[in-house]
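Participant: Just to be clear, the model below is a prediction. Sequence and coordinates:
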Amino acid sequence: MSNRIVIIPTYNEIENIELILKAVFELTPAFSVLVVDDNSPDGTGNKVKDMQQVYPNLHLMERKAKNGLGTAYIDGFKWCLEHQYEYIFEMDADFSHNPKDLVRLFTDCEEHKGMSVGSRYVTGVNVVNWPMSRVMLSFFASKYVRFITRMQVYDTTAGFCCYHRRVLETIELDKIKFRGYAFQIEMKFTAWKHGFKVTEIPIIFTDRTRGQSKITKGIIKEAVWGVISMKIKSLFRTYKQANN
């Protein structure tokens, strides 16, 4: 069994799931995959079950309802820790993240046993197929987060990451509160506050060509106001420091 596992949360990803899984399982070194499906009405979960007959390292967690990106990852993290995986990845199903970059994230994370981030902004702006308005929103959102938190991460909302298991074991996962894209900010901030090394690997982010985006105004609002709340609460919290 591989000690590397990729968590892919899904909701109505029938157009992408087979292709993305095949791309991951073609990689060297080998990766296992855990799909966390929120009862997709388009049959995404059933497609994964079919593919399990071909790929023994493909796992499926079926949840009863759509309950937020953050809770999908938290449930996935707990499952991966229970099953003794050492390197645990986050990745979207829609090819906005290039599966080949999983190898680069793993190589980086293996060096420092912390958190590695596939970054759109560490070397400029590396985004394809987004309208300029969304590029600007994402780019300046990360600047805003850096200003409030003082965390030196350029792509704070990135959802393409690798964690060493000790990071997830140290973070109190049940205390992570955000469910939308602010979840990604909170995870990086909490890892950083615990003293783990958080590094960025430049990637090219390509917007989905199949399926529909899940971002909403509510998710954006959560990120804007939630960051201030998160920062204030951190001032009254003690963080166990990692031994790097």
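Facilitator: Done, it's in. Numbering: from 1, shown residues only.

Participant: the helices in the chain, which residues?
Facilitator: For the chain, the helices defined by DSSP state H occupy 17-25, 44-52, 69-82, 101-112, 132-149, 165-170, 182-193, 217-234.

Participant: Out of the ones you listed, which one sits most buried?
Facilitator: Highest mean neighbour count among the helices of the chain (mean count of other C-beta atoms under 10 Å): helix 182-193, with a mean of 24. Every residue, glycine included, has its C-beta placed from N, CA and C.

Participant: distance between that one and the chain's centre?
Facilitator: 11 Å (C-alpha atoms, centre = their mean, to the nearest Å).

Participant: Report the angle between it and helix 69-82.
Facilitator: 50 degrees (axes from the mean of the first three to the mean of the last three C-alpha atoms, to 10 degrees).

Participant: Among the helices of the chain, which comes closest to residue 60?
Facilitator: helix 44-52 (4.8 Å; C-beta to C-beta).

Participant: Summarise which helices and strands the closest one is packed against.
Facilitator: Judged by 3 or more C-beta pairs under 8 Å, 6 or more residues apart in numbering; DSSP states H and E, helix 44-52 is in contact with strand 4-10, helix 17-25, strand 32-37, strand 58-62.

Participant: Using PDB, write down the CA coordinates of the longest one.
Facilitator: It stands for helix 17-25. Coordinates of each C-alpha in helix 17-25 appear next as PDB, following Å, rounded to 0.1, in the frame of the first residue of the first chain:
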ATOM      1  CA  ILE A  17     -14.200  11.700 -12.000                       C
ATOM      2  CA  GLU A  18     -13.100   8.900 -14.300                       C
ATOM      3  CA  LEU A  19     -10.500  10.900 -16.100                       C
ATOM      4  CA  ILE A  20      -9.000  12.500 -13.000                       C
ATOM      5  CA  LEU A  21      -8.800   9.100 -11.200                       C
ATOM      6  CA  LYS A  22      -7.100   7.500 -14.200                       C
ATOM      7  CA  ALA A  23      -4.600  10.400 -14.300                       C
ATOM      8  CA  VAL A  24      -3.700   9.900 -10.700                       C
ATOM      9  CA  PHE A  25      -3.300   6.200 -10.900                       C
END
